[in-house]
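Colleague: build me a model from this:
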Amino acid sequence: MKQLLNRLINHETISKVEARDALVNISNGAYNQSQIASFLTVYMMRSITVDELEGFRNALLELCLAVDFSDYNSIDLCGTGGDGKNTFNISTLSSFVAAGAGIKVTKHGNYGVSSVSGSSNVLEHLGVKFSNDKGFLEKCLNDAGICILHAPLFHPAMKNVAPIRRELGVKTFFNMLGPMVNPAFPKNQLVGVFNLELARIYGYLYQNTDKNFSILHALDGYDEISLTGDTKVISNQNEMMLSPSDFGVDRINQDAIFGGDTVEDAAKIFMKVMNGKGSEAQNNVVSANAGMAIATVNKLTPKAGFEIAKESLLSGKGLSSLNKLQALSQL
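Modeller: Alright, predicted model coming up:
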């Protein structure tokens, strides 16, 4: 590691194989905490290369506890986080709305590191059980249309990194990796990223897979469709710019999608929106992101996806998916 750190500190890049081996060695406990922290810090100070990110991704996919849901045409709705915007849990809400609309969702998530409430924080607060038992997860998929893949249960290799990430409390390259290392290997992916450079890297890496994908970056910095401005979309079909008007809605203010200061705040907002009592801005943002997931799977226009998502949210179908998942968690 010392040799690797010296090279990185001298602004050298490392190869795909070296990146993969570094992460395998971290998982095997070959490096101490100071070395791991230094390794993470380097990538906060310079851009990551395509080869480096691909090597890290390959290591985590090799080391993960995979679950085979290849019989399902599922999608993961997941953001990298790290945009510093502290929105409410838009992609998690969108996941239930998509599931309510009949889309199978294999949702990969974790506790928040650089945000107040990550996906796992709010779901745990709402009584959703985390498990890596395939039978339980399959029952969730069949009954509720969604299963929750809590990252630490599927990536035991990262136990040496988790406490360091928590202590650092800022985004690291693991934020970039999260959406890429879903242990269910879903055939479809809706992923939001925190900058355009990362959107390009993701696009390049996803184009070399058989995945059906849409990568999102709001030009004012959000890792999702925020409706506060335009959003860049890169997919395996094309590239486009989406405006709020493309969904038939008005632009909103940033404070309309603020996520609160605690997990409890986040959970209250979550349930308010889920119960169809969210503000128009909250409902529209959730429906836009869920709609893009629906459009990605079913090859629809964003506007058509949005309309289906809005109906799922306001009719209570998304809430029904959440209620079923909560009930299964009590068995």
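Colleague: mind listing what the nearest residue to residue 118 once chain neighbours are set aside touches?
Modeller: The shortest distance from residue 118 to any non-neighbouring residue, by C-beta to C-beta, 6 or more residues apart in numbering, is to residue 112 (3.2 Å). For the C-beta atoms, the positions are set from N, CA and C on the backbone; glycine is no exception. By C-beta atoms under 8 Å, 6 or more residues apart in numbering, the contact set of residue 112 is 81, 118, 120-121.
Colleague: quick one, phi/psi of the closest residue to residue 242 other than its chain neighbours?
Modeller: Distances taken as C-beta to C-beta, 6+ apart put residue 231 closest to residue 242, at 4.6 Å, once the chain neighbours are dropped. For residue 231, the backbone dihedrals (degrees, to the nearest 10) come out as phi -130, psi 130.
Colleague: kindly report the same for residue 76.
Modeller: phi -110, psi 130.
Colleague: how much space between residue 295 and residue 72?
Modeller: According to C-beta to C-beta, to the nearest Å, residue 295 and residue 72 sit 18 Å apart.
Colleague: more crowded one of these two?
Modeller: Shown here are residue 295 and residue 72; by other C-beta atoms under 10 Å, residue 295 has more neighbours (21 against 18).
Colleague: which helix or strand contains the more buried one?
Modeller: Per DSSP states H and E, residue 295 falls inside helix 280-298.
Colleague: got a list of what residue 189 touches?
Modeller: Per C-beta under 8 Å, 6+ apart, neighbours of residue 189: 75-76, 78, 179, 182, 206, 211-214, 296.
Colleague: go again with 6 Å.
Modeller: 76, 211, 213 (C-beta atoms under 6 Å, 6 or more residues apart in numbering).
Colleague: what bridges to it?
Modeller: residue 76, residue 213 (DSSP bridges).
Colleague: tell me the pLDDT at it?
Modeller: Per-residue pLDDT puts residue 189 at 97.
Colleague: again, but for residue 192
Modeller: Reported pLDDT for residue 192: 94.
Colleague: would you agree it is in contact with residue 79?
Modeller: Yes: look at residue 192 against residue 79 with C-beta atoms under 6 Å: they come within range, at 3.8 Å.
Colleague: find residues that contact each of the two.
Modeller: Here residue 192 and residue 79 share the contacting residues 223-224, scored by C-beta under 6 Å, 6+ apart.
Colleague: related to what we said a few turns ago, quick check: phi and psi on the residue nearest to residue 118?
Modeller: phi -70, psi 140.
Colleague: what do you get for residue 150?
Modeller: According to degrees, to the nearest 10, residue 150 has phi -70, psi 110.
Colleague: mind listing what it touches?
Modeller: 120, 130.
Colleague: average pLDDT across stretch 203-221?
Modeller: 94.
Colleague: what helix or strand is residue 240 located in?
Modeller: Going by DSSP H and E, residue 240 is in strand 239-242.
Colleague: now do the helix or strand following that strand and helix 280-298, the angle between them.
Modeller: As assigned by DSSP H and E, the chain's next helix or strand after strand 239-242 is helix 263-274. Calculated by axes from the mean of the first three to the mean of the last three C-alpha atoms, to 10 degrees, helix 263-274 forms an angle of 70 degrees with helix 280-298.
Colleague: can I get helix 263-274 in CSV? Just the C-alpha atoms.
Modeller: This file holds the C-alpha atoms of helix 263-274, laid out as CSV (Å, rounded to 0.1, in the frame of the first residue of the first chain):
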residue,chain,number,x,y,z
VAL,A,263,-34.0,10.6,10.3
GLU,A,264,-37.3,11.2,12.1
ASP,A,265,-37.9,14.3,9.9
ALA,A,266,-37.0,12.3,6.8
ALA,A,267,-39.4,9.5,7.8
LYS,A,268,-42.3,12.0,8.4
ILE,A,269,-41.8,13.5,5.0
PHE,A,270,-41.5,10.0,3.5
MET,A,271,-44.8,8.9,4.9
LYS,A,272,-46.6,12.2,4.1
VAL,A,273,-45.7,11.8,0.5
MET,A,274,-46.4,8.1,0.5
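Colleague: most neighbours among the contacts of residue 112, please name it.
Modeller: residue 81 (26 neighbours).
Colleague: that one in helix, strand or coil?
Modeller: coil (DSSP: H, G, I helix; E, B strand; the rest coil).
Colleague: before we move on, what about the one 3 residues further on?
Modeller: With three-state DSSP as the basis, the three-state label of residue 84 is coil.
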